[in-house]
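In: The following block contains a protein sequence and its predicted model.
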Amino acid sequence: MNALKPHLIRLLPQFAVLIAVVALISLAFPDFLKLQIQNGRVYGSLIDVLNRGAPVALLAIGMTIVIATRGIDLSVGAVMAICGAVAAASITSGHSLVYTLALALSVGMLCGLWNGILVAVLDIQPIIATLVLMVAGRGIAQLITEGAILTFNDPGLIFIGSGSFLGLPMPVVIWLVFGIAVTLLVRRTALGMLVEALGINRRASTLSGVSTGVLLIAAYVLSGLCAAIAGIIAAADIRGADANNAGLWLELDAILAVVVGGNSLLGGRFSIAASLLGALIIQSINTGILLSGFPPEFNLIIKAAIIVLILVIQSPRIRDLATLFGRADSAEASVKQEAK
Amino acid sequence: MNPRYVPLAATVAIFLAAYALCILQYPNMLSTRVIGNLLTDNAFLGIAAVGMTFVILSGGIDLSIGAVIAFTGVFIAVVLESTGLHPLVVFVLALGIATLFGALMGAIIHHLEMPPFIVTLAGMFLARGMAFVLSIDSVPVKHPFYATMKAFYYRLPGGGRITLIGGLMLLVFAAGILIAHRTRFGANVYALGGGVQTARLMGVPVARTTIAIYAFSGLLAGLSGIVFSLYTSAGYSLAAVGVELDAIAAVVIGGTLLTGGSGFVGGTLIGILIMGLIQTYITFDGSLSSWWTKILIGLLLFGFILMQKGFLYLSKGGRRLA
């Protein structure tokens, strides 16, 4: 338990915000917290938040690692569109489900590999390196679907988007399992620490014998893989691949989730769990605004205001002020430590 | 040749070569009409890209310009519809709001030490949201003054027209070039892009310059919104989605380094023209689908980034030898 304590303190601000948001919504709408079981599936707004948040949560996993290396991946939305298109094209041309999934996932990893090589080998700034695929990616996806929305009826592929496992919707199960798997992978091995070292000072980690190039490429490949899974889920959910709108602007939501999760955009220490909480905070806000019956026109303004508030609270200047007045509680102090 | 000019020269060479290839295939493309349309169709993008060039030269980024363009367009349409104000008055109001909006983002970036990427992202949500609040529907502009302004153009020999908005874009580029290379503010922007710490030690007023850069970008995004409103005669809150990415692509293709501190406003104009040329070629061809535009621009972007890397590598290698 003692070993877990620092992790819990690290997650405290995000937990507090999430609980505050959920409490606020459920104050206005008591039904928000209600869960019911029908036909062996759990239904309710909370499950809905988990389900709708699946693509952003998945993207946030890969984005956290990429941002920890002091990078950024703008292409994930376009990669989602490409992988959704590949999956739909493969299943409609009669390939098996296993083949389709393997193909779509490998295409996602290939996109990640491309980004990784641009960043690690050609030493291009991540924001521009991934901009290339962001601009071209949607064109490639349209090339695959030939400009139309490719629909499919394969029950196996549809199950990924709208099936359920142990009473939970499939997308929720997928992002939970994948998030836990990646967390274990980076925290139970030295990988996480090496990524942090790379993010803080690439040159120093290279000099101390870390193969930073391979590690950087691996981070982008992971991000591509996450985008591929998210793309398959998004396509399976609507039973079709929409090259124009699949994953549109989700890269920005994923980056926001990581930032709201208290991870520094300057790289270094990271927490996947905090990013996932960030993704849930964003999705709860979205669902809450929808439920509240506010005219949907106000969604973006409210979202922007809340995000600015969260960011201002986390900004280095405000934290310094808080320390100055001696009001820095342990949570804030630990966040500050993260930033360093 | 001064290595600083090599990326710019390459951009110009690629534009001329691409244009020559287009003319070989479609001789009709060598007409002042095509050139006039190239300017008119890309006017709003070009004006916004000048602001983006300054932001990128200073080492920052502004993701909010597309949303500001949409907001300005909706604001103008709604105010014109519901009040009796003259369009020129409304334009001034819109420019004021857009400038203030940019200045506010600059102030947050500087004083709260937050990354420009995230601040302008929030700004993008906010501006788009305000546009939605004003109107979700497309609002037409029916003011007679609009027709007057649209009828105003300079006829080139050969039947081409430099419209008001196309000419305005050229003026903005001229002003941008002057500001970047002939004023203290321009020098400060380049200094800031070279490194904030160094700039501060050199005596650059970092706070004032940062705020002014984003205010300038906001002003030009507002102006671009006015041009867009003239171009489409309507205000629509979902318009100009993704313009910020096109503008960034144009700036990079124009030879400006995204790390800041190096590049030319004039290069951005060529970048805009290259992107417009791809679009025109696809229209002329007729059989190519529109998604090729995106793929070609992506490839072009990649080519330019590689070229910049190559020049940097060569110039470093040259220094080592010397």
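Out: In hand now; what should we look at?

In: list the helices and strands the longest helix anywhere in chain B packs on?
Out: As assigned by DSSP state H, the longest helix anywhere in chain B is helix B:291-321. Using 3 or more C-beta pairs under 8 Å, 6 or more residues apart in numbering or on different chains; DSSP states H and E as the contact test, the elements touching helix B:291-321 are helix A:126-145, helix B:6-25, helix B:243-253, helix B:265-285. Any C-beta I mention is one placed from the backbone N, CA and C, and that applies to glycine too.

In: What residues sit buried inside the longest one?
Out: Buried residues in helix B:265-285, counted by 16 or more other C-beta atoms under 10 Å in any protein chain shown: B:265-282.

In: So which of those residues would count as near chain A as well?
Out: By C-beta under 8 Å from any C-beta of the partner chain, no member of the buried residues of helix B:265-285 lies near chain A.

In: among the helices and strands packed on helix B:291-321, which is nearest B:Leu168?
Out: Closest to B:Leu168 of these, according to C-beta to C-beta: helix B:265-285, at 13.1 Å.

In: Just the mean pLDDT for the closest one, thanks.
Out: With pLDDT averaged residue by residue, helix B:265-285 scores 88.

In: tilt between it and helix B:243-253?
Out: Interaxial angle of helix B:265-285 relative to helix B:243-253 (axes from the mean of the first three to the mean of the last three C-alpha atoms, to 10 degrees): 110 degrees.

In: Off-centre distance for helix B:265-285?
Out: Centroid separation between helix B:265-285 and its chain, computed with C-alpha atoms, centre = their mean, to the nearest Å, is 13 Å.

In: Kindly report the same for stretch A:150-169.
Out: Worked out by C-alpha atoms, centre = their mean, stretch A:150-169 lies 21 Å from the chain centre.

In: about what we covered before: tell me which of the helices and strands packed on helix B:291-321 lies nearest to A:Ser275.
Out: helix A:126-145 (17.2 Å).

In: what about the very next helix or strand once past the closest one and chain B, touching?
Out: Downstream of helix A:126-145, the next assigned helix or strand under DSSP states H and E is strand A:150-151. No: using C-beta under 8 Å from any C-beta, strand A:150-151 stays clear of chain B, coming no nearer than 14.3 Å.

In: After strand A:150-151, which helix or strand is next? Please name it.
Out: Counting by DSSP H and E, the next helix or strand C-terminal to strand A:150-151 is helix A:155-162.

In: The closest residue in space to B:Phe302 that isn't next to it in sequence: how many residues sit nearby?
Out: Excluding its sequence neighbours, the residue lying closest to B:Phe302 (C-beta to C-beta, 6 or more residues apart in numbering or on different chains) is A:Val132, at 4.7 Å. When counting by other C-beta atoms under 10 Å in any protein chain shown, one arrives at 27 neighbours for A:Val132.

In: Just the CA trace of the helix or strand containing B:Gly193, in CSV.
Out: Assigned by DSSP H and E, B:Gly193 falls within helix B:184-194. Taking Å, rounded to 0.1, in the frame of the first residue of the first chain, the C-alpha atoms of helix B:184-194 are listed here in CSV:
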residue,chain,number,x,y,z
ARG,B,184,12.0,47.2,-34.6
PHE,B,185,9.0,45.0,-33.9
GLY,B,186,10.0,42.7,-36.8
ALA,B,187,13.6,42.5,-35.5
ASN,B,188,12.2,41.7,-32.0
VAL,B,189,10.1,38.9,-33.5
TYR,B,190,13.1,37.3,-35.1
ALA,B,191,15.1,37.7,-31.9
LEU,B,192,12.3,36.0,-29.9
GLY,B,193,12.3,33.1,-32.3
GLY,B,194,16.1,32.7,-31.9
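
In: List the buried residues of it.
Out: B:185-186, B:188-194.

In: Taking chain A, what residue is nearest to chain B?
Out: A:Ala136 (2.4 Å; C-beta to the nearest C-beta).

In: got a list of what that residue touches?
Out: By C-beta atoms under 8 Å, 6 or more residues apart in numbering or on different chains, A:Ala136 lies in contact with A:78, B:294-295, B:297-299, B:301-302.

In: repeat for A:Phe15
Out: Residues near A:Phe15 by C-beta under 8 Å, 6+ apart: A:Leu277.

In: do you know how far it is from A:Ala23?
Out: According to C-beta to C-beta, to the nearest Å, A:Phe15 stands 12 Å off from A:Ala23.

In: the strands in chain A, which residues?
Out: Taking DSSP state E as the test, the strands found in chain A are A:36-38, A:41-43, A:150-151, A:164-165, A:168-169, A:240-241.

In: now for the last one, which elements pack on it?
Out: I take that to be strand A:240-241. Short answer (3+ C-beta pairs under 8 Å, 6+ apart): strand A:240-241 packs on helix A:76-92, helix A:126-145, strand A:150-151.

In: How about the fifth one?
Out: Taking 3+ C-beta pairs under 8 Å, 6+ apart as the contact definition, the neighbouring helices and strands of strand A:168-169 are strand A:41-43, helix A:45-52.

In: and among the ones you listed, the most buried is which?
Out: Comparing the helices and strands packed on strand A:168-169 on average neighbours per residue, with mean count of other C-beta atoms under 10 Å in any protein chain shown, the densest one is helix A:45-52 at a mean of 20.

In: any weak-confidence spans in the stretch 1-150 of chain A?
Out: A:1-4 (pLDDT under 70).

In: Equivalent analysis for chain B, please.
Out: B:1-3, B:312, B:315-322.

In: Grab the most central residue of it for me.
Out: For chain B, the residue nearest the mean C-alpha position is B:Ala49 (1.2 Å; C-alpha atoms, centre = their mean).

In: Now do the contacts for it.
Out: Per C-beta under 8 Å, 6+ apart, neighbours of B:Ala49: B:246-247, B:250-251, B:268, B:271-272.

In: By proximity to chain A, which residue of chain B wins?
Out: B:Gly298 (2.4 Å).

In: for the closest residue to B:Phe132 other than its chain neighbours, what are its contacts?
Out: Using C-beta to C-beta, 6+ apart and skipping the chain neighbours, the partner closest in space to B:Phe132 is A:Glu297 (4.0 Å). Each residue near A:Glu297 by C-beta under 8 Å, 6+ apart is listed here: B:129, B:132-133, B:136.

In: what does A:Gly199 give?
Out: A:67-70, A:266-268, A:270.

In: And for B:Phe145?
Out: Applying C-beta under 8 Å, 6+ apart, the residues near B:Phe145 are B:86-88.

In: A:Gly192 now?
Out: Applying C-beta under 8 Å, 6+ apart to A:Gly192 gives the contacts A:186, A:270.

In: Out of the helices and strands packed on strand A:240-241, indicate the one that is most buried.
Out: When the helices and strands packed on strand A:240-241 are compared using mean count of other C-beta under 10 Å, helix A:76-92 is most buried, at a mean of 29.
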